[in-house]
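In: Model the structure of this input:
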Amino acid sequence: MYQQRQSRGTASSSRRNFSRPAGRSAGPSRGGRGFRGSFISIDKFINKAVPVIKTPGDEYVPQASFSDFKINDRLKTIIAQRGYKLPTPIQDQTIPHILEGKDLIGLANTGTGKTAAFLVPMINKMIGNRDEKLLVVVPTRELATQIQEEFIALSRGLNLFSVVIIGGANMHRQVSQLRSRPNIVVGTPGRLKDLVQQRKLDLSRFSNVVLDEADQMLDMGFINDIKFLLSFLTQKKQTLFFSATLPPAIEHLIKDFLVDPVRISIRRQATPAQIDQDVVRVKQGEDKIEILHNLLKEAAFQKVLIFARTKSSTEKLSKILFSRGFKAESIHGNKSHGKRQQALQMFKEDRVEILVATDIAARGLDIPNVSHVINFDVPATYEDYIHRIGRTGRADKTGIALTFVS
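Out: Numbers count the residues shown, from 1 in each chain. Purely as a prediction, here's the structure:
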């Protein structure tokens, strides 16, 4: 049961209890135009957190340290300077295979170190041969930018260059940057396809490709764009797929484009044990905004990520919260890339305490110290729910996830 203390000056009672409604559905409303969702039992939104208590033998023991990997000494120095000593499980189990040139399927949740798992061996490959080029295809602009930032950090001083190719940013500038023949191109499927069709991007020069968050790209309807992009790469290439799940359409892609791939699975349980999950019951006639306002006034709600269903409702909710005195920002598909990055950076740096977002913020993004995730609108699928609440309770910290239900 989740208890909410009310702020002064509201029409609500001094204390309201939000308890588990037995046997009720929390499936998304079908009233919204164009919204397609699946039934989600309300029970799936309720789970008491279990504090992470590590005992001897519980921790993963990697087979090698970063210094043991067969990579360039300068790269080892950069990794050490970034404070990385032992690889995460996905890094430990994938890097040796990627260094051997094998195709690979990596199944892992977000926040497990997938980016470095493919960047470290690929940067090592580029150091050995400057003609090696890497294409990284991702579902969102934010993830593309995050991967480029990690690439810049891991390749500092190595004279390697990257370009981000995404919608919502200046295409002419991207075309100009491509003329410098970057070592790595990171992009979203739609803009990459546009530039290939305009003959501004020649993928025949690329012999390495990574599809990150492949299942999300499938969910977003990018499957045909991905097939289009992969068809232009060199016939002899190294292909890496990273995904949380492997739906049938992704399995078909694997059969068509990967050669004898190694499969590595590091998937944890569906929802981390250290996330306390509960529902906020909205009774008929009650104002969701008022209930949310009273929650956010609580001292414990220090850094809050709120998910809404649509771009318009996300922007509207952000403006309402801002008008009520909260330091709130928004990120959604109607905002330019620059505005989205600015809002995200302000949230990461604690210059705003509340970020209202659509599901573009649910995957891949590394945002430290999110105290609460609030599903103001019920997610379309349980898979979306898992990714949403995964933004809190990171690095073995306890987090709280609340879902508004009627």
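In: In terms of pLDDT, where does Ser14 sit?
Out: On the pLDDT scale, Ser14 is placed at 30.
In: Make 888 the starting number, not 1.
Out: Sure thing, new numbering starts at 888, so read that last one as Ser901.
In: Please enumerate the strands of the stretch 1088-1237 of the chain.
Out: Counting by DSSP state E, counting those that start in this stretch, the stretch 1088-1237 of the chain has strands at residues 1095-1099, 1125-1130, 1149-1152, 1162-1168, 1191-1194, 1215-1218.
In: low-confidence ranges in the stretch 938-1087 of the chain?
Out: 938-945, 997 (pLDDT under 70).
In: now the helices for it?
Out: Under the criterion DSSP state H, counting those that start in this stretch, the stretch 938-1087 of the chain carries helices at the ranges 960-968, 976-986, 1001-1015, 1028-1041, 1058-1065, 1076-1084.
In: What are the buried residues along the longest one?
Out: Think helix 1001-1015. Buried residues in helix 1001-1015, counted by 16 or more other Cβ atoms under 10 Å: 1001-1014. Placement of C-beta: from N, CA and C, glycine included.
In: any idea which of those residues is closest to Tyr1269?
Out: Comparing the buried residues of helix 1001-1015 against Tyr1269 with Cβ to Cβ places Lys1001 closest, at 21.7 Å.
In: In space, what's closest to that closest one - neighbours in sequence excluded?
Out: Nearest residue to Lys1001, sequence neighbours excluded (Cβ to Cβ, 6 or more residues apart in numbering): Phe1129, at 4.9 Å.
In: ok, Gly1225 touching Ile1053?
Out: No. If you go by Cβ atoms under 8 Å, Gly1225 and Ile1053 don't touch, sitting 11.1 Å apart.
In: Between these two, point out the one with more neighbours.
Out: Ranked by neighbour count (other Cβ atoms under 10 Å), Gly1225 and Ile1053 place Ile1053 first, with 22 against 11.
In: tell me the mean pLDDT for stretch 1149-1166?
Out: 80.
In: end to end, how far does that stretch reach?
Out: 40 Å (Cα to Cα, to the nearest Å).
In: go on, stretch 962-981?
Out: End-to-end distance for stretch 962-981, by Cα to Cα: 17 Å.
In: Asp1147 and Ser1094, how far apart?
Out: Using Cβ to Cβ, to the nearest Å, we find Asp1147 at a distance of 17 Å from Ser1094.
In: Those two: who's more crowded?
Out: Ranked by neighbour count (other Cβ under 10 Å), Asp1147 and Ser1094 place Ser1094 first, with 19 against 6.
In: Pretty sure the residue nearest to Lys1001 sits against Asp1102.
Out: No. With contact defined as Cβ under 8 Å, Phe1129 does not count as touching Asp1102 (9.7 Å).
In: Those two: who's more crowded?
Out: When Phe1129 and Asp1102 are compared for neighbours, Phe1129 comes out ahead with 27 against 22, by other Cβ under 10 Å.
In: ok, Lys1114 - how many residues close by?
Out: A count of neighbours around Lys1114, defined by other Cβ under 10 Å, yields 15.
In: Quick check: the residue nearest to it when sequence neighbours are not counted vs Pro1148, distance?
Out: Nearest-residue entry for Lys1114: Leu1140, 7.1 Å, with adjacent residues in sequence omitted and distances by Cβ to Cβ, 6+ apart. Using Cβ to Cβ, Leu1140 is found at 11 Å from Pro1148.
In: Overlap in contacts, the two.
Out: Common neighbours of Leu1140 and Pro1148, counting by Cβ atoms under 8 Å, 6 or more residues apart in numbering, are Phe1128.
In: ok so, going back, what sits against the residue nearest to Lys1114?
Out: By Cβ under 8 Å, 6+ apart, the contact set of Leu1140 is Ala1101, Ile1110, Ile1113, Lys1114, Leu1117, Phe1128.
In: Repeat that for Ala1248.
Out: If you count contacts by Cβ under 8 Å, 6+ apart, Ala1248 has them with Glu1029, Leu1192, Phe1194, Ile1218, Leu1231, Leu1242, Arg1278.
In: quick one: which of these has the most company?
Out: For these, the largest number of neighbours (other Cβ under 10 Å) sits with Ile1218, at 28 neighbours.
In: Go ahead and confirm that one touches Ala1230.
Out: Yes. Judged on Cβ under 8 Å, Ile1218 makes contact with Ala1230 at a distance of 4.9 Å.
In: Overlap of the contact sets of those two?
Out: Residues touching both Ile1218 and Ala1230 (Cβ under 8 Å, 6+ apart) are Leu1242.
In: Low-confidence stretches in the stretch 1188-1293 of the chain?
Out: Along the stretch 1188-1293 of the chain, the parts satisfying pLDDT under 70 run over 1251, 1282-1283.
In: so where do the helices sit in it?
Out: For the stretch 1188-1293 of the chain, the helices defined by DSSP H, counting those that start in this stretch occupy 1198-1210, 1224-1235, 1269-1276.
In: Give the other helices and strands that the longest one contacts.
Out: The one in question is helix 1198-1210. Contacting helix 1198-1210 under the criterion 3 or more Cβ pairs under 8 Å, 6 or more residues apart in numbering; DSSP states H and E are the following elements: helix 1175-1183, strand 1215-1218, strand 1241-1244.
In: Dump the ones you listed into JSON lines; add distance to Ile958 as well.
Out: Shown next, in JSON lines, are those (distance: least, Cβ to Cβ, whole Å):
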{"stretch": "helix 1175-1183", "distance to Ile958": "46"}
{"stretch": "strand 1215-1218", "distance to Ile958": "35"}
{"stretch": "strand 1241-1244", "distance to Ile958": "36"}
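In: which one of these lies closest to Gly970?
Out: Gly970 sits nearest to strand 1241-1244 of all the helices and strands packed on helix 1198-1210, at 26.6 Å, using Cβ to Cβ.
In: re earlier: please identify which of the contacts of Ala1248 is nearest to Gln1035.
Out: After measuring the contacts of Ala1248 against Gln1035 - Cβ to Cβ - the closest member comes out as Glu1029, at 11.0 Å.
In: Verify the stated contact: the closest one with Leu1252.
Out: Yes. Glu1029 lies in contact with Leu1252 (Cβ under 8 Å); the separation is 5.6 Å.
In: Alright, calling it a day.
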